[in-house]
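K.L.:
What would the 3D arrangement of this be:
(chains A and B)
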2 protein chains.
Amino acid sequence: MPANPAERRNSVQQAIAEIAEFMGDRLSTSQAVRDQHGKDTTWNPGHSPDAVAFVNNTEEVQKIVRICNRYEVPVIPHGTGTSLEGHITAPFGGITIDLMNMNQVLEVNTMDFDVRVQPGVTRKQLNEYIRDQGLFFPIDPGADASLGGMTATRASGTNAVRYGTMRDNVLSLTAVMPDGEIVRTARRAKKSSAGYDLTRLMVGSEGTLSVITEICLKLYGIPESIAAGVCPFPSIEAACTAAITAIQSGIPIARVELVDEENLKAFNAYSKLGLAEKPTLFVEFHGTKAYTREQVEQFDEIASELGGGPFEWATKEEDRNKLWQARHDGWWAIKAAMPGKEALGTDVCVPISRLAECVEETRKDLEDNGLYGPILGHVGDGNFHVVLFCNRNDPEEVKKTEEFLYRLAMRAIAMDGTCTGEHGIGSGKRKFLEAEHGPAVAVMRTIKQAIDPKNIMNPGKIFPG
Amino acid sequence: MPANPAERRNSVQQAIAEIAEFMGDRLSTSQAVRDQHGKDTTWNPGHSPDAVAFVNNTEEVQKIVRICNRYEVPVIPHGTGTSLEGHITAPFGGITIDLMNMNQVLEVNTMDFDVRVQPGVTRKQLNEYIRDQGLFFPIDPGADASLGGMTATRASGTNAVRYGTMRDNVLSLTAVMPDGEIVRTARRAKKSSAGYDLTRLMVGSEGTLSVITEICLKLYGIPESIAAGVCPFPSIEAACTAAITAIQSGIPIARVELVDEENLKAFNAYSKLGLAEKPTLFVEFHGTKAYTREQVEQFDEIASELGGGPFEWATKEEDRNKLWQARHDGWWAIKAAMPGKEALGTDVCVPISRLAECVEETRKDLEDNGLYGPILGHVGDGNFHVVLFCNRNDPEEVKKTEEFLYRLAMRAIAMDGTCTGEHGIGSGKRKFLEAEHGPAVAVMRTIKQAIDPKNIMNPGKIFPG
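P.N.:
From the prediction side, this is the model:
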């Protein structure tokens, strides 16, 4: 990008003029549209881009990127805007490419268990589309995010313990590179040893290397039987141990979510669940009828031995949905408990052997600092969330919150974990990248500079300034 | 590398002198050692390096790479030498780094199901080491390859249908970069969204980006029950359909291998198995006792409906081992059928919906051209092998074999598959990279040039010259 602000402004205006020529009224410079696209769902105030282009196809993305490349103008890809770490903000202005009109499911290959989608297809939309064919896409980050955004942030969620993350479930993708070249990263074979794994390089690159315009995803057969349940435990440690023991025993748990007391209180208040206000695991098992029953029995035994229970479980879809709806409504439930404050959800991930310790230390940290912060965890992965509340206008509160976030990320890193298991670095966690990766950051920068020498692709993300 | 041969020779001699200073007699320039390290297990005649360094630790690798960088001398990493595509040959000379003395299991984390190993540990050595802890590492390419080599080539094998490939099972790795920097690509958390996925970039990079000196791998609990069996089918298509139907039905098959008639004949002659000489599936199921039995019953039903059977199965370890030993002895069994000829194993991988068609067309191609080529397939992945025989001194035979290999790779690519599912590109398949990846090859080259601007890391591999 040009360093001089006046020169930068001039470049942007020229780029907008050229893009408007073929985008017409699908290029918006209205303040409202720009503001809406510069701000995500977090406390981050965000910066608005100079214009928003509502693209319909890969070729339009290519044209826009070529123009932005020529004028050295930032390009910010945009999906549903449900980022939790400021991925979509435009700190240097530029053109936001809104991909939500590219929302077609292009090809379902039922025999191969794969699907090709445009990036604006959301996970719920995809699952509705393929349900009749007995297939489902398991990655579920809670929000009904776009599959493009989920790919770009390497999202995961409650099902990752069994089905993996976006890293494991993207077979290939089509991306527009900073020079406008359209690249398909891999073919449709389930595996390949042919050359560098560009698919995995793009997954989680947060729009800093390319704009993703098509994604080929793995699908799974809808299990014959699904059983879900809730099980309270005397302590967080007992709950974590139960989850680890179940995994060690070879039970292929599909989901296992830790919900702490604070959360349970909020859930009960919001969703009228009437659950015991103790550390609780929400679990789900997939399989044949007989095998699901066997898993439930095995889990029940493990839970009982650790003082957990009673384990209440449901195989009816209606009852299961009620449970998971409560889990997914967690964000709103917790928000409702703290009216008038801005909520922010953060996540870290540690080796599961350190999870109970990390959660307990974090609980204590919250208490010691008088912070309200319910904890939700994807226990099977060692990944957990803390939801915090902050009045952005109170510098003291902001400082206290930021200090807590710093300690949390560094605590996870010190336990050989990561500052983010699934939200991404975005603009919010750039300060932790060096602490986590050390000399590897230089290799990442080398790649970034080689692929995007003008730094036009989502600048101000991932790398510390 | 210096282009001028005299200058290049001079550089190499200087590098060897400096490396010898600290490596002593662990740096060998003996012709026998050099020749042995320049030739893999294929028909590729190979080129010898100028010297072979038997390293003991990461720091020695770092020192050697720094010297090679200064003198622009090629660095060729070397494991067990079981490559099938000429990964370890030294077409431009240079220093081969033999990593087989780095054969320590460094850390087993039983609670986290992971292990940290040096690159010279072989998969069998690892499995012997962890068996007492109820754990196993599933990736099984047949040969007792080093885990470093398996990582570098993105290896997989018979278990990949259930457990994935090296791509899915490397949690992180330590690598010496071309400038000598030591980089750890990720921490020990099961998942992360923090920055570019350097782990996956190094997995499958075939020594062209770095020398891998430590690997952290995922482990799995040894299943309570394992059942294995063989089931003959009336045709290759019926066998493939059975495998696909089983997967579609949600049976989590651990292994499913297609063995064609030619193979069966060779197996029977070599291992005295007395099996029907028909297209046959070797299958294996993992689970609890009850669940394994259920899987066997489900599979049996699917096979019967397709005219397959009788399905003979074994749960006793001894019987199972006999079966898989026969499958793994396949290479030797086939070799024994063609004495005096050089064998070469090739592999391609297609979407499973195209597998039967690809195998049938390949069978016909072999017949039409009077070539003997048994076919073995990892049917669950769409991946299959053809073993060919060639007298290297007969130009006509060489030409015929090369033309067949060309048609096979292009056939797979035309079916939206890959020219190699698990062997890698090495020096043998470079000519197919552009056909498979198109403009993506330019992105791979950009990365290669940025990370290794002097092209010292395993030159002459992956990229067409």
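K.L.:
contacts, neighbours, all on C-alpha from now
P.N.:
Fine.
K.L.:
residue boundaries of the helices in the stretch 301-450 of chain A?
P.N.:
Under the criterion DSSP state H, counting those that start in this stretch, helices of the stretch 301-450 of chain A are mapped to A:317-328, A:330-337, A:355-368, A:395-414, A:433-437, A:440-451.
K.L.:
what's the closest of those helices to chain B?
P.N.:
helix A:440-451 (5.2 Å; CA to the nearest CA).
K.L.:
would you list the helices of the stretch 301-450 of chain A in TSV and tack on mean neighbour count and distance to residue B:72?
P.N.:
As requested, those are arranged in TSV below (neighbours: other CA atoms under 10 Å in any protein chain shown; distance: least, CA to CA, whole Å):
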stretch	mean neighbour count	distance to residue B:72
helix A:317-328	16	56
helix A:330-337	20	56
helix A:355-368	17	46
helix A:395-414	17	37
helix A:433-437	19	28
helix A:440-451	19	20
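K.L.:
How is chain A partitioned into domains?
P.N.:
A:5-100, A:105-221, A:225-331, A:339-424 (automatic domain parsing).
K.L.:
tally of neighbours for whichever residue of the stretch 201-350 of chain A sits closest to chain B?
P.N.:
Using CA to the nearest CA, the single residue of the stretch 201-350 of chain A nearest to chain B is residue A:350, 4.8 Å away. Close neighbours of residue A:350, defined as other CA atoms under 10 Å in any protein chain shown, add up to 34.
K.L.:
who's in contact with the residue lying closest to it once chain neighbours are set aside?
P.N.:
Spatially, and ignoring its direct neighbours in sequence, residue A:350 is nearest to residue A:417 (3.9 Å; CA to CA, 6 or more residues apart in numbering or on different chains). Residues in contact with residue A:417, defined by CA atoms under 8 Å, 6 or more residues apart in numbering or on different chains, are A:348, A:349, A:350, A:351, B:187, B:188, B:189.
K.L.:
how about those in TSV, adding distance to residue A:269 and pLDDT?
P.N.:
Shown next, in TSV, are the contacts of residue A:417 (distance: CA to CA, whole Å; pLDDT from 0 to 100):
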residue	distance to residue A:269	pLDDT
A:348	27	98
A:349	28	98
A:350	30	98
A:351	33	97
B:187	38	97
B:188	37	96
B:189	34	97
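K.L.:
Tell me which of those residues fall in strands.
P.N.:
A:348, A:349 (DSSP state E).
K.L.:
Now the buried members of the contacts of residue A:417.
P.N.:
A:348, A:349, A:350, A:351, B:187, B:188, B:189 (16 or more other CA atoms under 10 Å in any protein chain shown).
K.L.:
nearest to residue B:293, of the residues you listed?
P.N.:
residue A:351 (33.6 Å; CA to CA).
K.L.:
give the contact list for the nearest residue to that closest one once chain neighbours are set aside.
P.N.:
The spatially closest residue to residue A:351, leaving aside those adjacent along the chain, is residue B:189, at 4.6 Å (CA to CA, 6+ apart). Residues counted as contacts of residue B:189 (CA under 8 Å, 6+ apart) are A:349, A:350, A:351, A:352, A:381, A:382, A:416, A:417, A:418, A:421.
K.L.:
Let me know the distance separating the fifth one from residue B:195.
P.N.:
If you measure residue A:381 against residue B:195 using CA to CA, to the nearest Å, the figure is 18 Å.
K.L.:
go on, the last one?
P.N.:
Relative to residue B:195, residue A:421 is positioned 11 Å away (criterion: CA to CA).
K.L.:
same question, the first one
P.N.:
Relative to residue B:195, residue A:349 is positioned 14 Å away (CA to CA).
K.L.:
for the third one, same thing?
P.N.:
Computed as CA to CA, the residue A:351 to residue B:195 distance reads 18 Å.
K.L.:
Can you tell me the SS state at residue A:217?
P.N.:
strand (DSSP: H, G, I helix; E, B strand; the rest coil).
K.L.:
What sits closest to it if chain neighbours are left out?
P.N.:
residue A:170 (4.6 Å).
K.L.:
what's the burial count for that neighbour?
P.N.:
With other CA under 10 Å as criterion, residue A:170 counts 22.
K.L.:
Can you give me the pLDDT of the residue nearest to residue A:290 when sequence neighbours are not counted?
P.N.:
Among residues not flanking residue A:290 along the chain, residue B:291 sits closest, at 7.9 Å (CA to CA, 6+ apart). If you check residue B:291, the pLDDT there is 95.
K.L.:
and what of residue A:340?
P.N.:
Predicted confidence (pLDDT) for residue A:340: 79.
K.L.:
How about the contacts made by it?
P.N.:
Contacts of residue A:340 (CA under 8 Å, 6+ apart): residue A:391.
K.L.:
mind checking how far the most centrally placed residue in chain A is from residue A:164?
P.N.:
The centroid of chain A falls nearest to residue A:155 when counting by CA atoms, centre = their mean (3.5 Å). Distance, residue A:155 to residue A:164, using CA to CA: 10 Å.
K.L.:
Between the two, which contacts overlap?
P.N.:
Contacts common to residue A:155 and residue A:164, judged by CA under 8 Å, 6+ apart, are residue A:139.
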